[in-house]
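> the sequence and its predicted three-dimensional model are supplied below.
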Amino acid sequence: MNAKDYPILYVDDDNANRVVMKHNLGGEFTLLCADSGAQALELMSREPVSILLADQRMPGMSGVDLAERTLRLHPEIVRVIITAYSDLEATIDAINRGRVSRFIKKPWTREELTAVMQESILSCHNARMVKELQQRLAQIDRASTMTVMASAIAHDLRQPLSYLEVELNTLRRDVSELVRKRSLLAHVLPELGPLVDRVSGSTEDIEHGLRKLMVISEAMVASLRNQEARAPIDLCKVVQSAVTLTRSTVHARAVFDVDLPEQPITVHASEGRLLQLIVNLLLNAAQAITGPGPALKYHVTLRLQAAPGAVTLSVADTGCGIPSERIDQIFAPFFTTKGSQGTGLGLAICKQIVEELGGTIGVESTVGQGSCFRVKLPAQ
């Protein structure tokens, strides 16, 4: 990860402060400067800004006001406020309205400033990784579904084709017999022979194509399922990787609580499949939080608990909840409550992964209070 690939936009109405900031950050980071909130918004509309670093006290548009506008127009930009004032009300206002990730108090040191920028860039980098992972998962889900459907269609077509081939062979034999006997219809029958041959050739072409389709679909499904060799894996480390990948997405909507045991928990599984399972559940929990109000109002909780011979992974949210009449449908392929934003395959893929690992997955939910997904896996 190259820090210069993540431009920082510094906003301050004082030119002297902008000169000092260029001196401190200009060498290690890509730094853009603006003298007002309006100029900053104009720059963000045409430049690939990753971090907004804004002074709180500015005429016209304060740092919090700018952060709030940025959240609405460019939610992917990480927002940091510099302030010489430690007013609690202003701090809460910044968190609620602008979803500001960090505050830097004046007078700051170069070390402190650099550390906050590096941390913000890492957060931005992780958010990009999560977005790319989401896109790749959606592509894999769609491709996997299409290949399974193609395989099923090919399987359904092979039986009638086999019947057709038997009937064509019978017809070919009868036509040949009639032509041999030179009956009264001999002038018509020679035309039937080439016709049967053409139909038979087409049948063979279809059969050949279906065989190729079956081979290709089986190979794609095996590849897309990422069937890695299973090995003893520390589940705690996989959970920590999933938390790192989804932290910025969850924090944008809720407080992220993670409860892991101090001792390693070993399971016999594929690390890639486990990571896909946990990331899917965490993103699903974050997306379930759609209500108004600050992120501090909501919680996403991940808890890992071990028992003799088994391990339980739970992901809970205080989101919108699932109506009781839909509980039985949520693990079905193509069922989604997110409209065009969802593929309807995320939880179906989770169920598939859990069952591959010999475990179970269930959900408890109350409308308006939230949901809790529990995965139970055999422990080694």
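Yes, it's here.
> and the helices in the stretch 51-200 of the chain, which stretches?
63-73, 88-98, 110-181, 189-224 (DSSP state H, counting those that start in this stretch).
> lowest average confidence across the ones you listed, which one?
Ranked on mean pLDDT, the bottom entry among these is helix 189-224, at a mean of 59.
> which residues touch Val243?
Val243 is in contact with Phe256, Val258, Leu282, Leu302, counting by Cβ atoms under 8 Å, 6 or more residues apart in numbering. Where you see a C-beta, it was placed from the backbone N, CA and C, and this is true even at glycine.
> separation between it and Ile265?
Distance from Val243 to Ile265, counting by Cβ to Cβ, to the nearest Å: 15 Å.
> same thing with Pro75?
Using Cβ to Cβ, Pro75 is found at 35 Å from Ile265.
> so for those two, which sits in the more crowded spot?
Ile265 (21 against 11; other Cβ atoms under 10 Å).
> for that one, give me phi and psi.
Torsion angles at Ile265 (phi, psi; degrees, to the nearest 10) stand at phi -120, psi 120.
> pretty sure it sits against Ala306.
Yes: with contacts counted by Cβ atoms under 8 Å, Ile265 reaches Ala306, the gap being 5.0 Å.
> identify the contacts common to these two.
Ala379.
> so Gly328 sits in a helix?
That one is not Gly; residue 328 is Asp. Yes: counting by DSSP: H, G, I helix; E, B strand; the rest coil, Asp328 is found in a helix.
> pLDDT weak spots in the stretch 251-380 of the chain?
For the stretch 251-380 of the chain, the stretches with pLDDT under 70 are 334-345.
> quick one, helices of it?
So, for the stretch 251-380 of the chain - with DSSP H, counting those that start in this stretch - the helices run 271-287, 346-356.
> circling back: okay, and which of the contacts of Val243 map to strands?
Among these, the members found in strands (DSSP state E) are Phe256, Val258, Leu302.
> from what I see, the first one and Thr244 are in contact.
Think Phe256. No: in this structure, Phe256 is not within contact of Thr244 by Cβ under 8 Å, at 11.1 Å.
> neighbour count winner among these two?
The residue with more neighbours, out of Phe256 and Thr244, is Phe256; 20 against 13, by other Cβ under 10 Å.
> can I see the domain layout of this protein?
Under the assignment automatic domain parsing, the domains of the chain span 3-108, 138-224, 231-378.
> any chance of those domains in TSV, with distance to Asn126 too?
Converted to TSV, these look like this (distance: least, Cβ to Cβ, whole Å):
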stretch	distance to Asn126
domain 3-108	10
domain 138-224	19
domain 231-378	5
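> out of those domains, nearest to Met129?
Of all the domains of the chain, domain 231-378 sits nearest to Met129, with 5.9 Å by Cβ to Cβ.
> so how far is the first residue of the closest one from its last?
13 Å (Cα to Cα, to the nearest Å).
> any idea how far it is from the middle of the chain?
Its chain's C-alpha centre and that of domain 231-378 lie 12 Å apart, by Cα atoms, centre = their mean, to the nearest Å.
> and stretch 109-124, by the same measure?
From the chain centre to the centre of stretch 109-124 is a distance of 27 Å (Cα atoms, centre = their mean).
> alpha carbons only: can I get it in CSV?
The C-alpha trace of stretch 109-124 is given here as CSV (Å, rounded to 0.1, in the frame of the first residue of the first chain):
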residue,chain,number,x,y,z
THR,A,109,2.8,17.4,16.6
ARG,A,110,4.1,16.1,13.3
GLU,A,111,4.3,12.6,14.7
GLU,A,112,0.7,12.7,15.9
LEU,A,113,-0.5,14.1,12.6
THR,A,114,1.4,11.6,10.5
ALA,A,115,0.1,8.7,12.7
VAL,A,116,-3.6,9.8,12.2
MET,A,117,-3.1,10.2,8.5
GLN,A,118,-1.5,6.7,8.2
GLU,A,119,-4.4,5.2,10.2
SER,A,120,-7.0,7.0,8.1
ILE,A,121,-5.3,5.8,4.9
LEU,A,122,-5.3,2.3,6.2
SER,A,123,-9.0,2.6,7.0
CYS,A,124,-9.7,3.9,3.4
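> show me what that stretch is in contact with.
Outside of stretch 109-124, the residues within contact range by Cβ under 8 Å, 6+ apart are 1, 3, 6, 8, 24-25, 28-29, 50-51, 53, 76-78, 80, 101-102, 104, 247-248.
> nearest residue to the middle of this structure?
Gln134 (2.3 Å; Cα atoms, centre = their mean).
> so who does that residue touch?
Leu283 are the contacts of Gln134 under Cβ under 8 Å, 6+ apart.
> so how far is Asp234 from it?
In this structure, Gln134 and Asp234 are 25 Å apart, going by Cβ to Cβ.
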